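Colleague: need coordinates for the following:
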Amino acid sequence: MAATAAGNEVVLKDGRGRLLRLSLKELLFSDRAALIADQPGPSADDDQEIASVVLDQLQASERSQVLERAGHVRELLTGFRSGSPELAGNGEPRRDYVPGGPVEPKYTAKAKELGIHVRTVKQWVADFRRHGEAGLAAKKKQSRGPTAKADERWVEAALEVMAEHLGESTPTRKIVIERTRARVIARHGADCVRLPSQATAYRILSELERRHPLFRLAAKRNRDIADRPEGPYGKLRPTRPGEYMLMDTTRLDVFAFDPLTLRWVQAELTVAMDWYTRCITGLRVTPVSTKAVDVSAVLFQCFRPRPAGRDWPRGALWPEHGIPRAVLVDVEGATGAGLASPPVVPETLVVDHGKVYVSEHLTSVCRRMGISLQPARLRTGRDKGPVERFFRSLREGLLEALPGYKGPDIHSRGENPEGDAFFFLDELEAIIREWVAVVYHCRPHAGLVDPGVPGLRMSPAQMFEHGMARAGYIEVPRDPCLAFEFLATKWRTVQHYGVEIDRRRYRGPGLPAPGIRSPYDGPGKNSWPFQVDPDDITRIFFRHPDTRAWHTLVWEHAPAARMPLSEDALAFARKLAAAKHRYPDDRLAVAGLLDRWNLGLGTTLAERRMALRLSREQAGIDLPATEELAPAALPSVRRALGHGSESVAAPVLREKAVEGGDDDAADDLDGDGGFYADALEDV
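Modeller: Take a look at the predicted model:
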């Protein structure tokens, strides 16, 4: 051995006479060297378990017995029950166990004291010296279940039969045993495998139930357990607000009210949740089913949150955003209704494989806004675990207290929950939005923790402040025309009569002349992009490539609709008009559809869904005002009205005045003061 600056080194000579020089650490821990012990000792390949494993398997009475035996052995060896003179008890050491002297009299005295044989005492001492207190524990046989005694081939066939019933209804144990016996005989022969008895087979299936649940739980729960990943669990770990945004849609466990036919209707809820803060940044309730435009509307709420309610508490409001960082604002002196949710700019959108989430519309919106799409694994709800947990919290904290609650499944449904439907769709959405702001965002969550502060539980609102302090300012786009980016794009050519989309013609200011060549390389030759809202086809939007200003193009039959009209409603109206008239047009089709709905004849599911989408008081995306030329803003009209050339803050479209008699006010049947208007208002 030699002491060097690098540490202790050794010089070795192998069997061939060669000299080797290496560090002492490498010699002790190298795989090329083995230490030869001069006496037996503990090793990693021993059959004996470690002390903690042996002692943890003992009951309380058995552990006390082992500690008592260890005290007697230490007294016999050292004279003290604790094994140390510094911790001597009263009267220690006793006369028969004074340290030193022969040990045989001590063995005899201890055996006489305990009433056992001397060989037992000597065995205790040997076990204590070899394994410590764990050596004094009684040797326990390892428990072997019924599968250890059965033939492995029968157990393997039983697992195969149980796995085959995964997608089927829950079978009985008897039929599984019969199919397993038949499979074993067909595969290995009649007398090659020892078949267990009926009672033993039942015990084997009970033990296999732990590995592959089939009989005890519900069939749906068994399928969920079977779909668990085989490898270790893992998840995305967000480090700042907006890094991962979860979006999902669920069928609400409460019936809504149909304002058209005064009947119940099912509703779906689409939400967007920030994974880091668990804040709900957008939500929308839709009748029957959800469309791609609804998903984009929820995504738009992340950039432009909805305004808060007038009577909401101050703790549920979020401040206005979009103010430049160089401007100082007095928070206490700021006035305004506030926002219903925090503004968050998503970086990655985690969605499932639903049709509305993989549509071209949502994909193009995310591509335009620089948002990455990360689809979850098929039939793996745990990839969006936080939003799935939110749906459960919503059901247990709010929905089950509302009239019309139908439960999470058919087994939990009441006798007639449809008859208790009370809230309209817009009212139900307002209730959910208020509950999220007042209760959910202000309640501490067990999953919102800070590793640096153990035991601290934060609410989503507090976690959002924590994220702002950690990640910094969230830069939200300030473009006032941002809403147009979330509409569907249609490529069409410009003709002398305007623009035609699905047999609908649009015209308006800002439309390029038919002979101008399009600068876009669209899907069609010389085509231009137009933004279309599927829920309101009475107008489309066009951005001029030179001025970059948005313009509104109005449908030629929009005055006949008198309300927003969806694509589905117009297609259904055309179908009804084609079955009734020989030469129908859109004006006649829309008028017939509105008359049908006003008379309460829209009783089919498709008609009710269309009418419900049109009856909503609030649109999915709040579109800003565009440069639309109103008649009152024309220079000739302004000169006629005596306004001159100064600007008018809010031009008003005036109706054409007609001549009449003195009793026109009394004969006004359709006006504000008419009889039918008052009657309909009372109804």
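Colleague: which residues in the stretch 201-350 of the chain form helices?
Modeller: Remark: helices assigned in the stretch 201-350 of the chain by DSSP state H, counting those that start in this stretch are 219-226, 292-303.
Colleague: contacts for the last one?
Modeller: Applying CB atoms under 8 Å, 6 or more residues apart in numbering, the external contacts of helix 292-303 come out as 245, 247, 249, 270-272, 281-284, 286, 341, 343-346, 349, 356-357, 359, 361-362, 365-366, 476-477, 482-483, 486-488, 533-535, 620-621. Using the backbone N, CA and C atoms, a C-beta is placed for each residue, glycine as well.
Colleague: re earlier: wait, which of the helices of the stretch 201-350 of the chain is closest to T147?
Modeller: helix 219-226 (19.4 Å; CB to CB).
Colleague: quick revisit: any chance of JSON lines for the helices of the stretch 201-350 of the chain, columns mean neighbour count and distance to E92?
Modeller: Shown next, in JSON lines, are the helices of the stretch 201-350 of the chain (neighbours: other CB atoms under 10 Å; distance: least, CB to CB, whole Å):
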{"stretch": "helix 219-226", "mean neighbour count": "14", "distance to E92": "59"}
{"stretch": "helix 292-303", "mean neighbour count": "24", "distance to E92": "76"}
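Colleague: pretty sure H551 contacts F541?
Modeller: Yes: taking CB atoms under 8 Å as the definition, H551 is a contact partner of F541 at 7.1 Å.
Colleague: more neighbours: which of those two?
Modeller: F541 (23 against 18; other CB atoms under 10 Å).
Colleague: quick revisit: mind putting the helices of the stretch 201-350 of the chain into JSON lines with mean pLDDT and distance to N90?
Modeller: Converted to JSON lines, the helices of the stretch 201-350 of the chain look like this (pLDDT from 0 to 100; distance: least, CB to CB, whole Å):
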{"stretch": "helix 219-226", "mean pLDDT": "82", "distance to N90": "60"}
{"stretch": "helix 292-303", "mean pLDDT": "89", "distance to N90": "75"}
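Colleague: dump those into a markdown table; add distance to R144 as well.
Modeller: Shown next, in a markdown table, are the helices of the stretch 201-350 of the chain (distance: least, CB to CB, whole Å):
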| stretch | distance to R144 |
| --- | --- |
| helix 219-226 | 26 |
| helix 292-303 | 56 |
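Colleague: out of the ones you listed, the one nearest F464 is which?
Modeller: helix 292-303 (13.0 Å).
Colleague: among the contacts of helix 292-303, name the ones in strands.
Modeller: 245, 247, 249, 270-272, 281-284, 286, 349, 488, 533 (DSSP state E).
Colleague: can you name the two of the residues you listed that are farthest apart?
Modeller: With CB to CB as the measure, no two of these lie farther apart than M245 and D533, at 23.0 Å.
Colleague: those two: which has the busier surroundings?
Modeller: M245 (27 against 24).
Colleague: list the contacts of the more buried one.
Modeller: 272-275, 281, 302, 344, 346-350, 371.
Colleague: can you flag the buried ones in those residues?
Modeller: Buried members of the contacts of M245, counted by 16 or more other CB atoms under 10 Å: A272, M273, D274, W275, T281, C302, V344, P346, T348, L349, V350, I371.
Colleague: closest one to D96 out of those residues, please.
Modeller: W275 (71.6 Å).
Colleague: distance of the closest one relative to F29?
Modeller: Going from W275 to F29 by CB to CB, to the nearest Å gives 44 Å.
Colleague: what's the answer for L252, then?
Modeller: Taking CB to CB, one finds L252 at 63 Å from F29.
Colleague: more neighbours: those two, which one.
Modeller: L252 (22 against 9).
Colleague: show the backbone phi and psi for G79.
Modeller: Backbone torsions of G79, given as degrees, to the nearest 10, read phi 90, psi -10.
Colleague: how many other residues sit next to it?
Modeller: When counting by other CB under 10 Å, one arrives at 19 neighbours for G79.
Colleague: residues touching it, list them.
Modeller: E92, P93, R94, Y97, V98, P99.
Colleague: let's see that with 6 Å instead.
Modeller: P93, Y97, V98, P99 (CB atoms under 6 Å, 6 or more residues apart in numbering).
Colleague: for the closest residue to the second one other than its chain neighbours, give me the pLDDT.
Modeller: Put plainly, it is Y97. Nearest non-adjacent residue to Y97, counting by CB to CB, 6 or more residues apart in numbering: G79, 4.8 Å away. In this model, G79 is scored at 88, pLDDT.
Colleague: okay, G79 and S518: tell me how far apart.
Modeller: Distance from G79 to S518, by CB to CB: 105 Å.
Colleague: pLDDT score for I537?
Modeller: 80.
Colleague: just say helix, strand or coil for it.
Modeller: strand (DSSP: H, G, I helix; E, B strand; the rest coil).
Colleague: got any ranges where the stretch 301-450 of the chain has weak pLDDT?
Modeller: Low-confidence segments of the stretch 301-450 of the chain, defined by pLDDT under 70: 321-337, 379, 381, 410-412, 414-416, 418-421.
Colleague: all strands of it, in order?
Modeller: Counting by DSSP state E, counting those that start in this stretch, the stretch 301-450 of the chain has strands at residues 348-351, 372-375.
Colleague: any of the contacts of helix 292-303 buried? List them.
Modeller: Applying a neighbour-count criterion of 16+ other CB under 10 Å, the buried members of the contacts of helix 292-303 are 245, 247, 249, 270-272, 281-284, 286, 341, 343-346, 349, 356-357, 359, 361-362, 365-366, 476, 482-483, 486-488, 533-535, 620-621.
Colleague: can you get me a residue count around the residue lying closest to L394 once chain neighbours are set aside?
Modeller: Distance criterion CB to CB, 6+ apart; nearest residue to L394, sequence neighbours excluded, is I432 at 7.0 Å. If you count neighbours by other CB under 10 Å, I432 ends up with 23.
Colleague: same thing with A430?
Modeller: 18.
Colleague: which of the ones in strands among the contacts of helix 292-303 lies closest to E500?
Modeller: Ranked by distance to E500 (CB to CB), the ones in strands among the contacts of helix 292-303 are led by A488 at 16.3 Å.
Colleague: which among the contacts of M245 gets closest to L208?
Modeller: V350 (36.0 Å).
Colleague: now stretch 341-351 - C-alpha only, PDB.
Modeller: Presented in PDB, the C-alpha positions along stretch 341-351 are these (Å, rounded to 0.1, in the frame of the first residue of the first chain):
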ATOM      1  CA  SER A 341     -62.100  34.600 -15.500                       C
ATOM      2  CA  PRO A 342     -58.400  35.300 -15.800                       C
ATOM      3  CA  PRO A 343     -56.900  36.000 -19.200                       C
ATOM      4  CA  VAL A 344     -54.400  33.300 -20.200                       C
ATOM      5  CA  VAL A 345     -52.500  32.900 -23.500                       C
ATOM      6  CA  PRO A 346     -52.300  29.100 -24.100                       C
ATOM      7  CA  GLU A 347     -49.100  27.700 -25.500                       C
ATOM      8  CA  THR A 348     -50.100  24.000 -25.800                       C
ATOM      9  CA  LEU A 349     -53.700  22.700 -26.100                       C
ATOM     10  CA  VAL A 350     -54.300  19.200 -24.700                       C
ATOM     11  CA  VAL A 351     -57.400  17.800 -26.300                       C
END
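Colleague: give me the contact list for it.
Modeller: 241-247, 274, 279, 281, 302, 305, 318, 321, 357, 371-374, 464, 474, 476.
Colleague: and with 7 Å instead?
Modeller: 241-247, 274, 279-282, 301-303, 305-306, 318, 321, 357, 366, 371-376, 384, 464, 474-476 (CB atoms under 7 Å, 6 or more residues apart in numbering).
Colleague: swap in stretch 223-242?
Modeller: 166, 213, 244, 274-277, 344-347, 379-380, 464, 467, 470-471, 474.
Colleague: start and end of that stretch, how far apart?
Modeller: 33 Å (CA to CA, to the nearest Å).
Colleague: ditto for stretch 351-369
Modeller: Terminal residues of stretch 351-369 are spaced 16 Å apart (CA to CA).
Colleague: off-centre distance for that stretch?
Modeller: For stretch 351-369, the separation from the chain centroid amounts to 17 Å (computed by CA atoms, centre = their mean, to the nearest Å).
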